[in-house]
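**Q** Sequence unavailable; structure follows:
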């Protein structure tokens, strides 16, 4: 499962940089759900995920992201990340990713917390 989540994360980071609908589609199952916050209404299926992603998408190259796997339990992976936006805020992230047998995500939830202005800046 470690190789599967690393492969998925590489695909996610590629899609994050490109905002290309095909890159986004490649990492989610057709009926996947994507929650941008734990208790929010999810985007459902490829088209809603692509539409939501591209509407909220970052400008390519405007951030740095570091991540590591916290735990894997069956088909669930828990990833901790730090998103650094040099020209704005930084965020701590926790992602809960359920992978299908083919390595695409069938469910994705992100938890993010904005750092206070002085934290993490040098």
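**A** Okay, I see it. Computed from a predicted model, the values in this text were never measured in an experiment.
**Q** Every contact and neighbour count from this point should use C-alpha atoms.
**A** Noted.
**Q** Show me where this structure has its helices.
**A** 2-18, 21-25, 45-56 (DSSP state H).
**Q** Let's have those in JSON lines, adding mean pLDDT, mean neighbour count and distance to residue 36.
**A** Converted to JSON lines, the helices of the chain look like this (pLDDT from 0 to 100; neighbours: other Cα atoms under 10 Å; distance: least, Cα to Cα, whole Å):
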{"stretch": "helix 2-18", "mean pLDDT": "94", "mean neighbour count": "16", "distance to residue 36": "14"}
{"stretch": "helix 21-25", "mean pLDDT": "97", "mean neighbour count": "17", "distance to residue 36": "15"}
{"stretch": "helix 45-56", "mean pLDDT": "94", "mean neighbour count": "17", "distance to residue 36": "9"}
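**Q** between those, which one is nearest to residue 93?
**A** Closest approach to residue 93 among those (Cα to Cα): helix 2-18, 13.5 Å.
**Q** residues contacting the closest residue to residue 32 other than its chain neighbours?
**A** Of all residues not flanking residue 32 in the chain, residue 106 sits nearest, at 4.2 Å (Cα to Cα, 6 or more residues apart in numbering). Counting by Cα atoms under 8 Å, 6 or more residues apart in numbering, residue 106 makes contact with 28-29, 31-33, 97-100.
**Q** Please tell me the pLDDT value assigned to residue 106.
**A** According to the prediction, residue 106 has pLDDT 98.
**Q** Same check on residue 118?
**A** Predicted confidence (pLDDT) at residue 118: the value is 65.
**Q** what about residue 102, distance to residue 47?
**A** Separation of residue 102 from residue 47 (Cα to Cα, to the nearest Å): 20 Å.
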